[in-house]
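J.: sequence? don't have it. structure:
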């Protein structure tokens, strides 16, 4: 169950990071509200998952899911550039996430 909570926490990290960008420095009420709610929920689920998972594993996977998800959202919806260096960096993060999961 801890792994499922951690996955949901990571997905919520993508939500709050994306809506933080859309909030324009917390000047737009709806994206700001979504950011706050998603961040609180993400942290709460991460904290719950950490009851059963090692700190390093849980935090690495949480941030990795958020980083890759935000990267994909940026490209797919915000017009951010796709470059070989950015793709390589994302691939290395995914490899690190996979290795961290396998080592737990």
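T.: Cool, got the structure. Bear in mind that the values here come from a model prediction, so they are computed numbers and not experimental data. Residues are numbered from 1 along each chain as shown.
J.: So what's the residue count around the residue lying closest to residue 77 once chain neighbours are set aside?
T.: In space, and not counting its chain neighbours, residue 77 is closest to residue 18: 7.8 Å by Cβ to Cβ, 6 or more residues apart in numbering. Every residue, glycine included, has its C-beta placed from N, CA and C. By other Cβ atoms under 10 Å, the residues close to residue 18 number 22.
J.: Equivalent analysis for residue 49, please.
T.: Using other Cβ under 10 Å, residue 49 is surrounded by 24 other residues.
J.: just residue 102 next, same as before
T.: By the criterion of other Cβ under 10 Å, residue 102 has 7 neighbours.
J.: That one: helix or strand, and which one exactly?
T.: Secondary structure from DSSP states H and E places residue 102 in helix 84-103.
J.: What residues sit buried inside that helix?
T.: Neighbour counts over helix 84-103 (16 or more other Cβ atoms under 10 Å) mark 90, 93, 97, 100 as buried.
J.: Show residues contacting the helix or strand hosting residue 62.
T.: If you go by DSSP H and E, residue 62 is part of helix 55-78. Contacts to helix 55-78, defined as Cβ atoms under 8 Å, 6 or more residues apart in numbering, come from residues 2, 6-7, 9-11, 13-14, 17-18, 21, 42, 46, 49-50, 80-82, 86, 90, 93-94, 96-97, 100-101, 103-104.
J.: mind giving me TSV with the buried residues of helix 84-103 and columns for pLDDT?
T.: Shown next, in TSV, are those (pLDDT from 0 to 100):
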residue	pLDDT
90	95
93	93
97	87
100	84
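J.: Now the residues you listed in JSON lines, please, with extra columns for distance to residue 25.
T.: Listed next are the buried residues of helix 84-103 as JSON lines, based on distance: Cβ to Cβ, whole Å:
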{"residue": "90", "distance to residue 25": "26"}
{"residue": "93", "distance to residue 25": "27"}
{"residue": "97", "distance to residue 25": "30"}
{"residue": "100", "distance to residue 25": "33"}
